[in-house]
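Peer 1: Sharing a sequence plus its predicted fold:
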Amino acid sequence: MSKAKEGEGTRASLPLLLCSGKGEWKMRRRLREKGNAFVIPAIFWVLTFTIFPLVYSFRVSLSKVLYGKLVGFAGASNYLRMFGDYRFWGTLRFTLVLVLISVCATTAIGLGLAIVFNRKMKGLRAFRSILTMPLFTAPVALGYLGVMMFYEENGPINVLLKYLGMGKVPWLSHPLWATLAICLVDIWQWTPFAFIILLAGLQSISDEIYEAAVIDTSSGWAVFRYITLPLLSPVLGTVIMLRMVDAFKAFDIPFSLTSGGPGTATRTLTFYIYTQGLRNFDLGYASAMAYFLLAITMVIGLLFFRRYRELYE
Amino acid sequence: MEWRRLSVVLLSVVFVLGFVFGALAQEGASELEIQTANAAFEAADKGNPDPAWKGQKLTIAVYSAGPRGAISGPLYFWRPYFEKLTGATYDIVEIPFGELREKIFTDLMTGTGTYDIIVGPSWFYGDYIMNDWIVPAQEFFNDPRMPKWEPESIALPVRELYMWGDKLVGFNNDHDGQVIYYRRDILSDPKWQEEFKKEKGKDMPTPPWTWEEVYEICDFFNGKDWNGDGEPDYGISMHLKVGGQGFFHFMALSAPYVVSPAPGDDPAKVTRYHNVYWFDPETMEPLVNTPGFVEALNMLIKLSKTGPSAMFGWSLGEAWDAFLRGKAVMCWSWGDVGSLAQLPDRSVIQGKLGVAPIPGSDKYYDLETQQWVNKKNFVANTVGASWHGVISKYCKNKELAAYFLSWQATPQINHWNVVWGWTGVDPGTSYDFLQPSGKATIEEYVATGYDAEDARQFVTAYEEMWTKYPLRQTYLRIPGTPEMWEVYDIHLSEAVTGQVSPEEALNRIAEEWKAIVERYGKDTLKKIYQEAIGYKPE
């Protein structure tokens, strides 16, 4: 950090050495003006594509909307409607379950794989590439792939279970199993993400620390518990936060795998927002729910960054 | 560098092969198809195409099924003929089923006018009419440039979908309704008939005329190896996945329990309490949680126990497939099953297909007296989309669009689409029904690959249902219909998977429908609903 600041300082003050007094002041002003001009496109971008939609959608959330047109002021009724809407609470409950299971599982499995692959071994690159492949697949394609994999009448997974002497699992027709199926596909897709980042984190820990630790203890667990985990925790925190924010937005996999069913058992909050907003054109209510989701993810983000500052500043 | 060159060459080969095979797949038509299509083209009225149309282009939105798929397929097939006829052409924009509403309505709401023609479902009419989004077909019917077609040839219940009041609004194409399909060979087998009698203490009702009889047959066959493959087989095949169109099947099943005949000379007259299915036309109170619906939902759940549990996660194609592969003894669905049963690569039941009109019920609930009436009740249905073209009010060349749709609606072209099952266009006109009551011959169907008896039963079942059943189920054509049906779909799924009781599921539907009605405006919706079902307040 400090090196970068020094560099910036050097670059900024170099022309100033060539002038002094009034001239220096003029130079500074010209530079500031030029700098402002460079920032304008970025400001325009943020205003147009972030601030304006945010403000406009807030206005929409306070309006009655019919066929995409704002036809009246609705006050807080769209927000209050959420509290009496059992479908909203049902989708929120499923979203929280998905976030909890998926984030815990992807992080734990990703960490396990990162530890396994954090050593010199033959074919390591090939293994890593294969392991990361699901990450580069479109989630909607994975969902449709899941339809085939979890097909209850002689689908590959049920056939495998049959060979193992287990019964037919109602993967897509039972609310609990359908929830599990969604979680499994999500975990399969996102474990490589955790794996790549945690592996990078592990590789950044100096070997010297381990060498010193080995002198004090022979227990692998103790090394992991007291050396690896604390040094990896910033990376681990980042992985968990990014995964949480992403899992809250899950849409494609439930959409393609179960269509949110049976009933609304696997409908996520974003799926519900999409249905209300873009299929039913009830944009007021959809915007209100979207704001609720935004609030959740912002709270998670703020908590994370506060904790992060407490630990590392 | 060598491996790079090699990969570029390999990729190019793959792309070229893909393009060539893709193009061939689009051609795909058999010699016989071309011959019969040429004959239909020659015989069809061509009107007087305006020379000014030369070089113009239309854009048609249709649901996505590909160049040889249902409903979109005929648009690809007939395009070269249209180009030859008018010198104009059209682009086909395929939209996935689940995105139809958002894409089409967004185009119409914003007035963008991307789509000149919308080959869409009948449940969009409420929104079309309320917002004045389409130009009625009536406006072009007497234009001398237009090919002549015959609205009066369409079976009455389906024709009503193409009309709004007395005005013709859509152009004839598809005719949807559900009938029951069964294994003719199995149900008429003396061995199984004898066993049925032994087990149930009565003769096997072949074909089944009520849902109670359907249940008895399915219950008997479920778990028995009646197809001889060494594994237990199923009674019914249906599908209940959310978004998988299973709710249409419940509409067809529930109609005889809910729709009651009007007293007096005309049992089909729509009154406040008779021949209504969706809402009370005076109050817009949903009828979906009335006892008739509860009874029907209990029947659906009972029936679902006679098929694979997996069907709760099935979509339409999977349910059809189980019947066509000979794993289920019965299913009820649209006309597609009748035509798919004739395709050797999809079906093992060609020549074994039995078809009957949609079953009735042993009793129905009278909304006026609020009592059950123990009398058999038969109600024809037009559930489904009856996919057909309408002209957007933003269309830039409305006459050319009307010309194309009128030409497609002519008896020769429309009937050609019906006899070639891959088109997804189902029978529903007098020229599709067999002689002597209709105009078609069995040979026309046999020529395209139908088994003669399969075709006879298939076409006759539709004709009987639409022309001989005393009552017909009204179709929901009000603003917000797609949203209401989505709610219906979700809560039915909750009930069949045991998440809530049938009563609770139906109450939830009623509550959500009330909220939707309020959102669109009860008075506005009531007026449109009354017009849509032909109810005249007394």
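Peer 2: Okay, I see it. Residues are numbered from 1 along each chain as shown, chains lettered A, B, ... in the order given.
Peer 1: Mind pulling up the pLDDT for residue 224?
Peer 2: Since no chain was named, I'll use chain A. Residue A:224 is assigned 90 on the pLDDT scale.
Peer 1: you looked at the wrong chain, it should be chain B
Peer 2: At residue B:224, pLDDT is 97.
Peer 1: what residues does chain B put near chain A?
Peer 2: Within chain B, the positions lying close to chain A (C-beta under 8 Å from any C-beta of the partner chain) are B:101-102, B:105-106, B:109-110, B:127, B:131, B:240-244, B:308-314, B:322, B:480, B:482-483, B:486, B:490-491, B:493-494, B:496-497, B:499-500, B:519-520. No exception for glycine: its C-beta is placed from N, CA and C like everyone else's.
Peer 1: Just the buried ones from those residues?
Peer 2: Buried members of the residues of chain B next to chain A, scored by 16 or more other C-beta atoms under 10 Å in any protein chain shown, are B:101-102, B:105-106, B:109, B:127, B:240-244, B:308, B:310-314, B:322, B:480, B:482-483, B:486, B:490-491, B:493-494, B:496-497, B:499, B:519-520.
Peer 1: ok, residue B:226 - contacts?
Peer 2: By C-beta atoms under 8 Å, 6 or more residues apart in numbering or on different chains, residue B:226 lies in contact with B:186, B:192, B:233, B:329.
Peer 1: what about it, helix or strand, and which?
Peer 2: For residue B:226, there is no host helix or strand (DSSP states H and E).
Peer 1: how far away is it from residue B:205?
Peer 2: According to C-beta to C-beta, to the nearest Å, residue B:226 and residue B:205 sit 17 Å apart.
Peer 1: same question, residue B:374
Peer 2: Residue B:374 is 18 Å from residue B:205, where distance means C-beta to C-beta.
Peer 1: who's more crowded, these two?
Peer 2: More neighbours surround residue B:205 than the other of residue B:374 and residue B:205, with 17 against 8 (other C-beta atoms under 10 Å in any protein chain shown).
Peer 1: related to what we said a few turns ago, now that we have the contacts of residue B:226, which one has the most neighbours?
Peer 2: Most surrounded of these: other C-beta under 10 Å gives residue B:329, at 28 neighbours.
Peer 1: Thought residue B:186 was touching that one, still the case?
Peer 2: Yes: between residue B:329 and residue B:186 there is a contact under C-beta atoms under 8 Å: 5.8 Å.
Peer 1: which neighbours do the two share?
Peer 2: Common contacts of residue B:329 and residue B:186 (C-beta under 8 Å, 6+ apart): B:221, B:226.
Peer 1: excluding its backbone neighbours, what's nearest residue A:103?
Peer 2: Leaving aside its chain neighbours, residue A:103 sits nearest to residue A:243 (4.7 Å; criterion: C-beta to C-beta, 6 or more residues apart in numbering or on different chains).
Peer 1: Which other helices and strands does the helix or strand hosting that neighbour contact?
Peer 2: Assessed by DSSP H and E, residue A:243 sits inside helix A:229-248. Contact here means 3 or more C-beta pairs under 8 Å, 6 or more residues apart in numbering or on different chains; DSSP states H and E; on that basis helix A:229-248 packs against helix A:86-117, helix A:175-203, helix A:283-312.
Peer 1: In TSV: those, plus mean neighbour count and mean pLDDT.
Peer 2: Below are those laid out as TSV (neighbours: other C-beta atoms under 10 Å in any protein chain shown; pLDDT from 0 to 100):
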stretch	mean neighbour count	mean pLDDT
helix A:86-117	19	96
helix A:175-203	21	95
helix A:283-312	16	89
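Peer 1: Would you mind putting those helices into CSV with distance to residue A:151 alongside?
Peer 2: Shown next, in CSV, are the helices and strands packed on helix A:229-248 (distance: least, C-beta to C-beta, whole Å):
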stretch, distance to residue A:151
helix A:86-117, 22
helix A:175-203, 11
helix A:283-312, 32
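Peer 1: give the contact list for residue B:351.
Peer 2: Counting by C-beta under 8 Å, 6+ apart, residue B:351 touches B:451, B:453-454.
Peer 1: So it, which state does it fall into?
Peer 2: Using DSSP: H, G, I helix; E, B strand; the rest coil, the structure places residue B:351 in coil.
Peer 1: Then the one 3 residues further on?
Peer 2: In terms of secondary structure, residue B:354 is strand; the call rests on three-state DSSP.
Peer 1: Test my guess that it contacts residue B:189.
Peer 2: No: Residue B:354 lies out of contact with residue B:189 (C-beta under 8 Å); the separation is 11.8 Å.
Peer 1: okay, these two: which has more neighbours?
Peer 2: Regarding residue B:354 and residue B:189, a neighbour count based on other C-beta under 10 Å identifies residue B:354 as having more, with 24 against 15.
Peer 1: For the more buried one, name its beta-bridge partners.
Peer 2: residue B:182 (DSSP bridges).
Peer 1: residue contacts, it?
Peer 2: So residue B:354 contacts B:181-184, B:187-188, B:206-207, B:457 (C-beta under 8 Å, 6+ apart).
Peer 1: For residue A:166, see how far away it is.
Peer 2: Distance of residue B:354 to residue A:166, computed by C-beta to C-beta: 38 Å.
Peer 1: where does residue A:35 land on pLDDT?
Peer 2: For residue A:35, pLDDT reads 82.
Peer 1: In a helix, it, correct?
Peer 2: Yes: counting by three-state DSSP, one finds residue A:35 located in a helix.
Peer 1: Now do the contacts for it.
Peer 2: Residue A:35 neighbours (C-beta under 8 Å, 6+ apart): none.
Peer 1: gap between it and chain B?
Peer 2: To chain B, residue A:35 is 40 Å away according to C-beta to the nearest C-beta, to the nearest Å.
Peer 1: Would you mind giving the contacts of residue B:354 as JSON lines with pLDDT added?
Peer 2: Output for those, formatted as JSON lines (pLDDT from 0 to 100):
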{"residue": "B:181", "pLDDT": "98"}
{"residue": "B:182", "pLDDT": "98"}
{"residue": "B:183", "pLDDT": "98"}
{"residue": "B:184", "pLDDT": "98"}
{"residue": "B:187", "pLDDT": "98"}
{"residue": "B:188", "pLDDT": "97"}
{"residue": "B:206", "pLDDT": "93"}
{"residue": "B:207", "pLDDT": "95"}
{"residue": "B:457", "pLDDT": "98"}
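Peer 1: Just the buried residues of those residues.
Peer 2: By 16+ other C-beta under 10 Å, these give B:181-184, B:187, B:206-207, B:457 as buried.
Peer 1: Tell me the one of those residues nearest residue B:302?
Peer 2: The nearest member of the buried ones among the contacts of residue B:354 to residue B:302, counting by C-beta to C-beta, is residue B:182 at 17.9 Å.
Peer 1: Could you report the separation of that closest one from residue B:200?
Peer 2: In terms of C-beta to C-beta, residue B:182 sits 16 Å off from residue B:200.
Peer 1: tell me which residues of stretch B:400-407 are tucked away?
Peer 2: Neighbour-count burial for stretch B:400-407 flags B:400-407 (criterion: 16+ other C-beta under 10 Å).
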